[in-house]
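**Q** task: produce atomic coordinates for the following.
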Amino acid sequence: MIGEIVMGMIHFSLIASVQFTLVPAYGWVMFVAITLWLLTIILFFMTLCNVQQKVTAVPWPMAVMVFHVAATVLSLTALVTNIVTISVGDNINLDGWALVLFYRHMSAATFFSGTVFGLYWSSAGYSYKDWRGDGGNAATNTVPT
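**A** Down below sits the predicted model:
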């Protein structure tokens, strides 16, 4: 989750540092990036403070898996939006250095969007394994009692 937090912060910082409002699709990307970043921070601190041990009424493995699957789908939409709209810079009214800066930041943002997607995808896989697992290891299941 630390990787998701750091890469997510870099992702939306790159987009926020240029005039992203000139391309309306980047509003969706910023919404997804900041929302997932904040929710991941909340989930990280909940895990760090052992909230799962204290609030037993919630099926935590399934809740974490649902969060990571939803985050994977949303970050995929942000990645696709980044990829599709990176060439929109030709149609906006920027000149010289501002246009070069726009392309550089959006290209880097696309890379970090892909990285964030990969991290959420791997977290979804690991949380699925945690949800489907029995919580033990092979040695405790094979020893006759």
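**Q** any regions of this structure where pLDDT drops low?
**A** 88-95, 97, 134-145 (pLDDT under 70).
**Q** can you map out the helices along it?
**A** 2-16, 25-48, 51-54, 60-85, 96-132, 138-142 (DSSP state H).
**Q** spatially central residue in this protein, please.
**A** V116 (4.6 Å; Cα atoms, centre = their mean).
**Q** hmm, it is touching G8, no?
**A** Yes. Using Cβ atoms under 8 Å, V116 is in contact with G8, at 5.3 Å. For glycine as for every other residue, the C-beta is placed from the backbone atoms N, C-alpha and C.
**Q** correct me, but Q19 touches F102?
**A** Yes. At 7.2 Å, Q19 and F102 qualify as touching, with contact defined as Cβ under 8 Å.
**Q** quick one, which of the two is more surrounded?
**A** F102 (21 against 14; other Cβ atoms under 10 Å).
**Q** list the buried residues for stretch 15-28?
**A** 15, 18, 20, 23, 26 (16 or more other Cβ atoms under 10 Å).
**Q** who's in contact with Y128?
**A** 65, 69 (Cβ atoms under 8 Å, 6 or more residues apart in numbering).
**Q** go on, L74?
**A** Per Cβ under 8 Å, 6+ apart, neighbours of L74: 32, 35-36.
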